[in-house]
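>>> Fold the stuff below for me.
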Amino acid sequence: MRDPVLFAIPFFLLLLILEWAAARKLEHLDSGRPAPGGYQHRDAWASISMGPVSVATTAAWKSLALVGYAALYAYVAPWQLPATAWYTWVIALAGVDLLYYLYHRMAHRVRLVWATHQAHHSSRYFNFATALRQKWNNSGEILMWIPLPLLGVPPWMVFASFSVSLIYQFWVHTERIDRLPRPIEFLFNTPSHHRVHHGMDAPYLDKNYGGILIIWDRLLGTFQPETFRPHYGLTTQVDTFNIWTLQTHEYAAIARDVAAATRWRDRLGYLLGPPGWSPLPERRDAAMLPGEC
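Modelled structure (predicted):
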């Protein structure tokens, strides 16, 4: 249960400081937009403040999941894969990465799950501080990993593999790195690919969900190359730096919409439909009554 992310924190902070120093050195105006890799004090502090809370809440969710995973691994899985075998690590890492892609895609298409994830997209800046702007509710991912202990992957390896994924994804949150050599861009998630994912521009919405590998997006039709510098943030921006509000405002919006709905299908739509879903207006009969115009 020693999370590798904890050992990576000093390197996260070092890279953050280096990027911040470079941004200050190269700071300039770009049509009123932040300079590439730029920092805004309150925005960056909000992102950084979310990081430690995320580490703590993730540890709590993992502790809760450990009991269930251990039971599945010990009593339900048809076999137990050896932790010392190289192929077990391949299955664990590739499995976590594929399941992360599927969960991440669902998080952008199901509003109730989006509520857990949207805080990560709420910054109008894209830098290493944004990488620390993580969600506090990992319940969806905990459920998504269930196939792995069922396949006989030791629970601790599931958690370790997800930590490897989180560590990898830190470095892709930057505008200071341009495109990399083509073989790397073809196989792996890179800063260029992830800038697209954080873009609020129409061509970039709901694209590039990959964690470590980008091949899932290429295979499943959600890949989009970077063709222009994105505008970052939510399509409806949240003008606050309060980290509690950033984490919870979408839950509150869902509650208001569900409470105002008069039909169960509309309530389900607000919960399980995509972000921005609303019921269609009632269709009138094609035949109009006498006197109507």
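
>>> okay, CA-based contacts and neighbour counts for the rest of this
Noted.

>>> how far away is residue 192 from residue 201?
15 Å (Cα to Cα, to the nearest Å).

>>> These two: which has the busier surroundings?
Comparing residue 192 with residue 201 by other Cα atoms under 10 Å, the one with more neighbours is residue 192, at 22 against 17.

>>> quick one: that one from residue 25, how far?
Shown here: residue 192 relative to residue 25, a distance of 22 Å by Cα to Cα.

>>> Residue 39 now?
According to Cα to Cα, residue 39 stands 12 Å off from residue 25.

>>> could you pull out the helices for the stretch 151-293 of the chain?
155-170, 182-187, 191-198, 215-220, 243-260, 264-272 (DSSP state H, counting those that start in this stretch).

>>> In a markdown table: those, plus mean pLDDT.
Shown next, in a markdown table, are the helices of the stretch 151-293 of the chain (pLDDT from 0 to 100):
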| stretch | mean pLDDT |
| --- | --- |
| helix 155-170 | 93 |
| helix 182-187 | 96 |
| helix 191-198 | 97 |
| helix 215-220 | 97 |
| helix 243-260 | 95 |
| helix 264-272 | 93 |
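
>>> Just say which of those is most tucked in.
helix 191-198 (a mean of 24; mean count of other Cα atoms under 10 Å).

>>> who are the neighbours in contact with the residue lying closest to residue 44 once chain neighbours are set aside?
Once flanking residues are discounted, residue 44 sits nearest to residue 129: 5.7 Å by Cα to Cα, 6 or more residues apart in numbering. Residue 129 sits next to 16, 44, 45, 47, 48 when contact means Cα atoms under 8 Å, 6 or more residues apart in numbering.

>>> nearest to residue 101, of those residues?
Relative to residue 101, the closest of the contacts of residue 129 is residue 47; by Cα to Cα it sits at 22.9 Å.

>>> residues near that closest one, how many?
Neighbours of residue 47 under the rule other Cα under 10 Å: 23.

>>> With the one 10 residues further on instead?
Applying other Cα under 10 Å, we find 16 residues neighbouring residue 57.

>>> Mind telling me what element it is part of?
Take DSSP states H and E as the rule and residue 57 turns out to sit in helix 41-71.

>>> Comparing residue 39 and residue 25, which residue is more hemmed in?
Per other Cα under 10 Å, whichever of residue 39 and residue 25 has more neighbours is residue 39, with 24 against 9.

>>> rewinding a little: mind putting the helices of the stretch 151-293 of the chain into CSV with distance to residue 78?
Shown next, in CSV, are the helices of the stretch 151-293 of the chain (distance: least, Cα to Cα, whole Å):
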stretch, distance to residue 78
helix 155-170, 15
helix 182-187, 32
helix 191-198, 38
helix 215-220, 27
helix 243-260, 39
helix 264-272, 33
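
>>> Nearest to residue 114 among the ones you listed would be which one?
When the helices of the stretch 151-293 of the chain are compared by Cα to Cα, helix 243-260 sits nearest residue 114, at 8.2 Å.

>>> Kindly export that closest one (C-alpha atoms) in CSV.
Output of helix 243-260 as CSV, limited to C-alpha atoms (Å, rounded to 0.1, in the frame of the first residue of the first chain):
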residue,chain,number,x,y,z
ILE,A,243,-11.4,24.2,-4.2
TRP,A,244,-14.6,22.9,-2.5
THR,A,245,-16.8,24.7,-5.0
LEU,A,246,-14.6,23.5,-7.9
GLN,A,247,-15.1,19.9,-6.8
THR,A,248,-18.8,20.0,-5.9
HIS,A,249,-20.5,22.6,-8.1
GLU,A,250,-21.5,20.0,-10.7
TYR,A,251,-23.1,17.8,-8.1
ALA,A,252,-25.2,20.8,-6.9
ALA,A,253,-26.2,21.6,-10.5
ILE,A,254,-27.3,17.9,-11.0
ALA,A,255,-29.3,18.0,-7.8
ARG,A,256,-31.1,21.2,-9.0
ASP,A,257,-31.9,19.8,-12.4
VAL,A,258,-33.2,16.5,-11.0
ALA,A,259,-35.3,18.3,-8.4
ALA,A,260,-36.9,20.6,-11.1
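
>>> Contacts for that helix, please.
46, 49-50, 112, 115-116, 118-119, 122, 135-136, 238, 240, 266-267, 270-271.
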